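S.K.: With the input below, show me the fold.
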Amino acid sequence: MKAIRHVGIVVNNLEKELDFYKNVFNFKIKRKMLETGEYIDNLSGLKNVKVKTIKMASDDGNLIELLYFESHQRNIVNRNINDIGYSHIAFTVENLDSEYKKLRKKGIKFNCVPQISSDGKAKVVFCRDPEGNIIELVEEL
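M.R.: Model prediction:
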């Protein structure tokens with residue numbers, strides 16, 4: 001493997017999630033697509049797929065991809081951090097205390113106040129996006 005390419009997030013409300021990642025974490029839209037046809041059907045293992053995808057980049061070039069399946073029902077799952085499978089996405093921030101205060105003012109809910117890791121090398125906190133996806137914020141100390 002050369003690198004992690006992106007993290008895909010299936011969304012139920014595309015505009016709300018797009019607004020969140022753009023305005024809360026400053027991701028920039030790199031590409032919007034509507035994918036249909038044999039190629040996406042084969043990749044997804046579904047039939048007659050119609051999915052809007054939006055690739056977004058952070059300032060350091062890392063990507064997330066929001067996926068909105070117009071053709072198939074999206075099941076909302078309330079995931080816990082200890083559920084099997086992908087559990088969260090982590091973002092590095094410069095000043096976690098400042099980010100925490102700013103995000104709380106925007107109504108973002110957190111599990112707790114920022115905590116110093118047991119090895120003392122990071123300050124960490126977890127929150128959720130509007131659809132419940134878990135986000136870890138980390139300040140390297």
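
S.K.: any chance you could map the strands in this protein?
M.R.: With DSSP state E as the criterion, the chain has strands at 7-10, 28-36, 50-57, 63-69, 89-92, 115-116, 122-128, 134-140.

S.K.: I would like the residues contacting the shortest one, please.
M.R.: It stands for strand 115-116. With C-beta atoms under 8 Å, 6 or more residues apart in numbering as the test, strand 115-116 has contacts from 122-125, 141. No exception for glycine: its C-beta is placed from N, CA and C like everyone else's.

S.K.: centre of the chain versus it, how much separation?
M.R.: Remark: strand 115-116 is offset 22 Å from the chain centroid, using C-alpha atoms, centre = their mean, to the nearest Å.

S.K.: Tell me, how many residues neighbour residue 35?
M.R.: Other residues near residue 35 come to 16 when the count uses other C-beta atoms under 10 Å.

S.K.: what about it, distance to residue 44?
M.R.: According to C-beta to C-beta, to the nearest Å, residue 35 and residue 44 sit 9 Å apart.

S.K.: what sits in contact with each of those two?
M.R.: Common neighbours of residue 35 and residue 44 (C-beta under 8 Å, 6+ apart) are residue 51.

S.K.: what's the most distant pair in the contacts of strand 115-116?
M.R.: Longest distance between any two of the contacts of strand 115-116 is 13.6 Å, between 125 and 141; criterion C-beta to C-beta.

S.K.: So which of the two has more stuff around it?
M.R.: Higher neighbour count among residue 125 and residue 141: residue 125, with 21 against 11, using other C-beta under 10 Å.

S.K.: So for the more buried one, what's the nearest residue that isn't a sequence neighbour?
M.R.: The shortest distance from residue 125 to any non-neighbouring residue, by C-beta to C-beta, 6 or more residues apart in numbering, is to residue 114 (4.4 Å).

S.K.: isn't the one you found right up against residue 96?
M.R.: Yes. Between residue 114 and residue 96 there is a contact at 4.8 Å, judged by C-beta atoms under 8 Å.

S.K.: For those two, list the residues in contact with both.
M.R.: 123-125, 137, 139.

S.K.: List just the nearest of those to residue 40.
M.R.: Of all these, residue 40 sits closest to residue 137, with 32.7 Å by C-beta to C-beta.
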